[in-house]
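Peer 1: just the structure for this:
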Amino acid sequence: YVSQSAFSIAISELEKLLGVRLIDRTNKRVTVTRTGQEVISQARLCLRDIESLVEMARGGRSVLTGQLHLGVIPTIAPFLLPKLIRKLKKDYPKLQLYIKEKQTDPAYADLTHGELDVILLALPYELRNVETEIIFKEYFVLAYREGTTLIDPLHYTPSRLERDSVLLLEDGHCLRDHALAACRIRNLSKVNRFSATSLNTLVQMVDSDLGITFLPEMAVDSTLLKGTRVKTQPLKEKSSRDIALVWRKGSGRDEEFRLLAGLMREFKP
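Peer 2: Numbering: from 1, shown residues only. Next up is the predicted model:
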């Protein structure tokens, strides 16, 4: 509800106040400077904190009320969220939950920029200026097509894997790195050059006997494997990753997020 001229004047006044140039202007385009981008990121955090303060005051300081923007990585979202949402709707009807499914890097960036309040992801992952609550440890399972000749399920060891026999998600999915590390796949020649864009695609590739893979334990009893000939079994090495809730350090909603982590812990596989 501000005219273009009034907005331009406001930006100019802000530049004078801060003593820096936020916008580069020409006759044909307007470009945000590097300093301007940093100011925008910090301003978003300030606005998010102010919104949280207002919501807390309106809610009588009640936890899990008002708006909550949650980021979740794709290898967790379909398994944990349905049960969690049902629980929140029943016990916290005043909570307005907004969910954004993203890979770890962009989700962490959105958290840093104030576009998300809290994110649900898998560790290890390098994080800075955040609070972390480990929800549970999740183990990997070996997944293969029933009757496959690619491996002997009863005598499986990483050293016996054939070249190009391991199927994984494409680069950008933290599950790929976690599986390689946790499942002790040190020889990358065993990893197939063709990768999947989603867990569903990955399972379909295994079901076609194109290779074997490693799935998070949460996927075993889900609908992901229904209608397929994919079998799973635990790994002797107890390979695992940590599922964690992460939020900005100093957030005024620390109590809420720890409560939310506790609720998620109820759905540990």
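Peer 1: buried ones in stretch 236-251?
Peer 2: By 16 or more other CB atoms under 10 Å, the buried positions in stretch 236-251 come out as 239, 240, 241, 242, 243, 244, 245, 246, 247, 248, 251. The C-beta positions use only the backbone N, C-alpha and C, and glycine is treated the same way.
Peer 1: phi first, then psi, for the first one.
Peer 2: Yep, that's residue 239 we're talking about. With angles defined as degrees, to the nearest 10, residue 239 sits at phi -70, psi 140.
Peer 1: the longest helix in this protein is where?
Peer 2: For the chain, the helix with the greatest residue count under DSSP state H is helix 34-58.
Peer 1: so which elements touch it?
Peer 2: strand 66-72 (3 or more CB pairs under 8 Å, 6 or more residues apart in numbering; DSSP states H and E).
Peer 1: what residues does the helix or strand following the strand it packs on touch?
Peer 2: Later in the chain than strand 66-72, the nearest helix or strand by DSSP states H and E is helix 77-91. Residues from elsewhere that reach helix 77-91, judged by CB atoms under 8 Å, 6 or more residues apart in numbering: 64, 72, 95, 97, 99, 101, 120, 199, 216, 218-219, 222, 224, 243, 263-264, 266-267, 269.
Peer 1: what does the longest helix of the chain rub up against?
Peer 2: With CB under 8 Å, 6+ apart as the criterion, helix 34-58 contacts 18, 20-23, 32, 65-67, 112-115, 117, 248, 251-253.
Peer 1: ditto for stretch 159-174
Peer 2: Against stretch 159-174 from outside (CB under 8 Å, 6+ apart): 73-75, 103-105, 121-122, 125, 150-152, 175-176, 179-180, 185, 189-199, 202, 205-206, 210-214.
Peer 1: please list only the buried members of these.
Peer 2: Here, 16+ other CB under 10 Å leaves 73-75, 103-104, 121-122, 125, 150-151, 175-176, 179-180, 185, 190-192, 195-196, 199, 202, 205-206, 210-214 buried among the contacts of stretch 159-174.
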